[in-house]
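Enquirer: got a structure for you, letters missing:
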C-alpha cells in the first residue's frame, strides 16, 4: 500500500464507515445500523491489513474469501466494497435497499461484485464458509500451494451461533481440521428482543474448543486495531484446525444515544441521533455519505495492494499448470473434460435398476472425466448412490479426499455444498433420503437464488419406500421443491433418463435436484439418445402419436402409465404416454414445443406417487397421493393408495366418458 496510513487517517476511515452505516439505512428507512458501526474497526483491519485480495480482479481464483454470515449488516460489506474499489459507487450506497440497486438488503452472490455467498438467514453463511474451506483444502492438496493457498474469513453473530446449523457445521469443521478457516464472533450481547442473556448462556469458547477449534478470546478489543490485527494473524497461522476469534463489541459505537442499545440492532437512529454521533466522531454533522478524498485514497490503495500478489500467482500458476490446464479449467467450471459424458452408462430393455442404482453407475463413470467431483452423503453413501469407489475419504490427515462423510448433519451438508460451489474449483454432490430434504431447504433455496452449481441427490422418493412408514415416505416433497425458483428438479423414469440428468447437471450452470427411486423400474421403450434429448427438453413422448388421451408421469410412475396404456388400448383407446422428468426445463421451452408433447385439448391424466397439487397445470385429472403413507411393503402401499395401472386406466376412462 506504499506508506502506511497514519493512526489519525485510519480512525477517520473507520468513522466514515460508521457514518455510511448510519446514512444508508436512514435514507432507505430500512436496514440495520448498529452492528455495522460496531464492526467497522474489524472490517478496516481485515480489508487494509490482513485479507489477501485484488479489488480490480474480484474473481481471482486464489483470493481470500469473506463471508458476512450476519448478513443483516450488509451496509458494512457494501461500504468496504465501495471504498476498496470493487466497482460500487457512492450512488449505490445511496440506493441501499431500493429496486434494482446493487445494494440489496442482504448480500446476494452474483448480484453485487465482491459478494462471495448469499447471506441473511442466520447460520447459513457460517456453514457456507466451512464448505468454502473444504474446497480450498481440496484444491490445495490437488494442485499445490502455488496454485491454491488462501483463507476463508467470516464475521458471525450470536444469531449465527444459536441456529442449529452452526453446531453441525462447526462439529464437522473441527473434525476435518480446516486450518484455513477463521471466524470472528461479534460478541455484542445484543439481540432484537433485548440482551442475548434472555435466551443464551452458552460458553462459546468452551463449545468451540470442544469441537476441536482453536479459540482466541480478545476481550474488549473491538476498537484496538493492533490487537485485532494480531488476533487475526495469529488465528490464520494455525494450520491444523479452524479458528474462532471472540471479540467483545458494543453495538452502535460510538453513539451517545444507542451504544449497547438493543434497538440499534435495527433502524434506531433518528436524524438527531445521527447528527450527535457524527459530532462525537468529528464528522460534518449535516452531511450525508461523507467520504473525504484522503479516506477514499487510503482504501483504494488497500484494494490495489493485492495486485502484485495476483500477478505473481498468475506467473507461478501458469508454470505449475502447464500440463494440467484442462483439468484446472474443468475444476474451476465444475464441469467435465472433453468427452466426459461418453463414459456414462446406457441401459437396455432387459435392465430395470432403481434410479438410485443407475445414478451410482453414473457417478462411478464420471470419476475420471469430472475432475472436481466431490461426493458424499449424510451417513447414507451406499443408500444414495454417492460413493466414489476407490477414492480417498476426506479427513484431517487426508485433505485430498474426494469422498465426504457428512455424518447425520443434513442442515450443514446442504449449506456446505453451497459454500463449496460458491468457492469454485469443485463439483459438489451430496445425498440423503428425499423426506429429509426438509432439513436442507434453507440451503437449497439459497443455492437456487445464488445459482450455486451443486447437485442435491435425494433418494427413496415415494411411499414405495415401504415398511419405514409415513415418517420416511415423502408425499409433498417433490412438489414443494418444484416451488423453488431456479431449481431444476429432475425425477428420472429409468436408467437412461438418470444418465441424462447427470449430463444436465454437469453441463449446467446452477444447482440441480436429482430425485431417485429405491425400487427398480424398467427401461423405457425408447432409445437412450431419445431419453437424453427428452430430459434436456424437460419432457417427451415415450409412446403414442395420435391419441384420445395422454398419460403423463414422472419417475417410476411412467412405468405405471405405460401399463395403464396397455389396458386402455385393449379397450380401443389411442393413448400417448409422456415422461415429464423436469418441469422447470419443460416450462422454459417455447409453447409450440410444449404443445407437441402435451397436445392442447386432449384429455390428460397425471400419474405421480405424491401430492397432486400443481398437476392441474398439465392434467385434467390426477392420480397421486394427498395423504400420508403407511407402514407396509412398498408394493402394498402403492397398491392401497391407488398407484396402479388399473386405477390410472379407470381414471382415464372416467375422464373420457365425462363422468
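Expert: Received the coordinates, thanks. Fair warning: this is a prediction, and the values are worked out from it, not measured in the lab.

Enquirer: how deep is residue 481 tucked in, by neighbour count?
Expert: 23 (other Cβ atoms under 10 Å). (Glycine included, C-beta is placed from N, CA and C.)

Enquirer: Could you give the secondary structure assignment for it?
Expert: helix (DSSP: H, G, I helix; E, B strand; the rest coil).

Enquirer: One more: residue 113?
Expert: Residue 113 ends up coil, using three-state DSSP.

Enquirer: Residue 432 now?
Expert: Assignment for residue 432 (three-state DSSP): strand.

Enquirer: Number of residues surrounding it?
Expert: Applying other Cβ under 10 Å, I find that residue 432 has 27 neighbouring residues.

Enquirer: got the phi/psi numbers for the residue lying closest to it once chain neighbours are set aside?
Expert: Closest residue in space to residue 432, ignoring its immediate chain neighbours: residue 378 at 4.3 Å, by Cβ to Cβ, 6 or more residues apart in numbering. Phi and psi for residue 378, reported as degrees, to the nearest 10, are phi -90, psi 70.

Enquirer: so who does residue 378 touch?
Expert: Contacts of residue 378 were listed using Cβ atoms under 8 Å, 6 or more residues apart in numbering, and they are 406-410, 413, 430-432, 436.

Enquirer: Look at it and report its pLDDT.
Expert: According to the prediction, residue 378 has pLDDT 98.

Enquirer: do residue 1 as well
Expert: Residue 1 is given a pLDDT of 42.

Enquirer: now residue 658
Expert: pLDDT at residue 658 comes out at 87.

Enquirer: returning to that earlier point: which of the contacts of residue 378 lies at the shortest distance from residue 396?
Expert: The closest of the contacts of residue 378 to residue 396 turns out to be residue 407 (Cβ to Cβ; 14.1 Å).

Enquirer: out of everything not next to it in sequence, what's closest to the closest one?
Expert: residue 379 (5.9 Å).

Enquirer: and that neighbour, how many neighbours?
Expert: So residue 379, with other Cβ under 10 Å, has 15 neighbours.

Enquirer: What helices and strands are in contact with the longest helix along the chain?
Expert: Ranked by residue count under DSSP state H, the longest helix found in the chain is helix 7-28. Helices and strands touching helix 7-28, as assessed by 3 or more Cβ pairs under 8 Å, 6 or more residues apart in numbering; DSSP states H and E, comprise helix 34-38, helix 40-45, helix 74-84, helix 90-94, helix 271-281, helix 293-305.

Enquirer: Run the chain-centre distance for the following helix or strand past the fourth one.
Expert: Past helix 90-94, heading to the C-terminal end, the next element that is a helix or strand (DSSP states H and E) is helix 124-143. With Cα atoms, centre = their mean, to the nearest Å as the basis, helix 124-143 stands 13 Å off its chain's centre.

Enquirer: The contacts of residue 378 in helices, which ones?
Expert: 410, 413.

Enquirer: which one among the contacts of residue 378 gets closest to residue 248?
Expert: For those, the residue nearest residue 248 by Cβ to Cβ is residue 409; the value is 30.0 Å.

Enquirer: Pull the contacting residues for that closest one.
Expert: 168-169, 171-172, 378.

Enquirer: Most neighbours out of the residues you listed, which is it?
Expert: residue 169 leads the contacts of residue 409 on contacts (other Cβ under 10 Å) with 28 neighbours.

Enquirer: can you list the domains in the chain?
Expert: 7-309, 340-515, 538-657 (automatic domain parsing).

Enquirer: winner for burial among those domains?
Expert: Ranked by mean neighbour count, the domains of the chain are led by domain 340-515 with a mean of 22 (mean count of other Cβ atoms under 10 Å).

Enquirer: pLDDT score assigned to the closest residue to residue 424 other than its chain neighbours?
Expert: In space, residue 424 comes closest to residue 332 once its chain neighbours are excluded; the distance is 5.8 Å by Cβ to Cβ, 6+ apart. pLDDT recorded at residue 332 is 96.

Enquirer: same thing with residue 229?
Expert: Value listed for residue 229 in the pLDDT field: 98.

Enquirer: Equivalent analysis for residue 4, please.
Expert: 87.

Enquirer: Which secondary structure state is assigned to it?
Expert: Residue 4 - assigned by three-state DSSP - is coil.

Enquirer: Okay, it and residue 513: tell me how far apart.
Expert: Distance from residue 4 to residue 513, counting by Cβ to Cβ, to the nearest Å: 50 Å.

Enquirer: Same question for residue 552.
Expert: 20 Å.

Enquirer: Could you do residue 229 as well?
Expert: Taken as Cβ to Cβ, the span from residue 229 to residue 513 is 43 Å.

Enquirer: Verify the contact between the residue nearest to residue 407 and residue 404 for me.
Expert: No. Residue 379 lies out of contact with residue 404 (Cβ atoms under 8 Å); the separation is 11.4 Å.

Enquirer: excluding its backbone neighbours, what's nearest residue 242?
Expert: residue 181 (3.9 Å).

Enquirer: And for residue 178?
Expert: Residue 178's closest residue in space is residue 133 (Cβ to Cβ, 6+ apart), at 4.1 Å.

Enquirer: do the same with residue 536
Expert: residue 504 (6.2 Å).

Enquirer: part of a strand, is the one you found?
Expert: No. Under three-state DSSP, residue 504 falls outside any strand and is assigned helix.

Enquirer: quick one, what contacts it?
Expert: Contacts of residue 504 by Cβ under 8 Å, 6+ apart are 488, 490, 512, 535-536, 582, 585.

Enquirer: so how far is the first residue of stretch 638-650 from its last?
Expert: 16 Å (Cα to Cα, to the nearest Å).

Enquirer: and that stretch, how far from the chain's centre?
Expert: That offset, for stretch 638-650, works out to 38 Å (Cα atoms, centre = their mean).

Enquirer: Could you do stretch 466-485 as well?
Expert: The answer for stretch 466-485 is 20 Å, by Cα atoms, centre = their mean.

Enquirer: likewise stretch 42-56?
Expert: 25 Å.

Enquirer: Which residue ranges of the stretch 151-300 of the chain form helices?
Expert: For the stretch 151-300 of the chain, applying DSSP state H, counting those that start in this stretch gives helices covering 158-162, 164-176, 204-210, 225-236, 271-281, 293-305.

Enquirer: out of the ones you listed, which comes closest to residue 449?
Expert: helix 164-176 (16.8 Å).

Enquirer: ok and the closest one relative to helix 124-143, angle-wise?
Expert: With axes from the mean of the first three to the mean of the last three Cα atoms, to 10 degrees applied, the angle from helix 164-176 to helix 124-143 works out at 20 degrees.

Enquirer: Look up which residues are beta-bridged to the nearest residue to residue 238 once chain neighbours are set aside.
Expert: Using Cβ to Cβ, 6+ apart and skipping residues adjacent in sequence, the residue nearest residue 238 is residue 214, 4.5 Å away. Judged by DSSP bridges, the bridge partners of residue 214 are residue 243.

Enquirer: Contact partners for residue 214?
Expert: Residue 214 is in contact with 235, 238, 241-244, counting by Cβ under 8 Å, 6+ apart.
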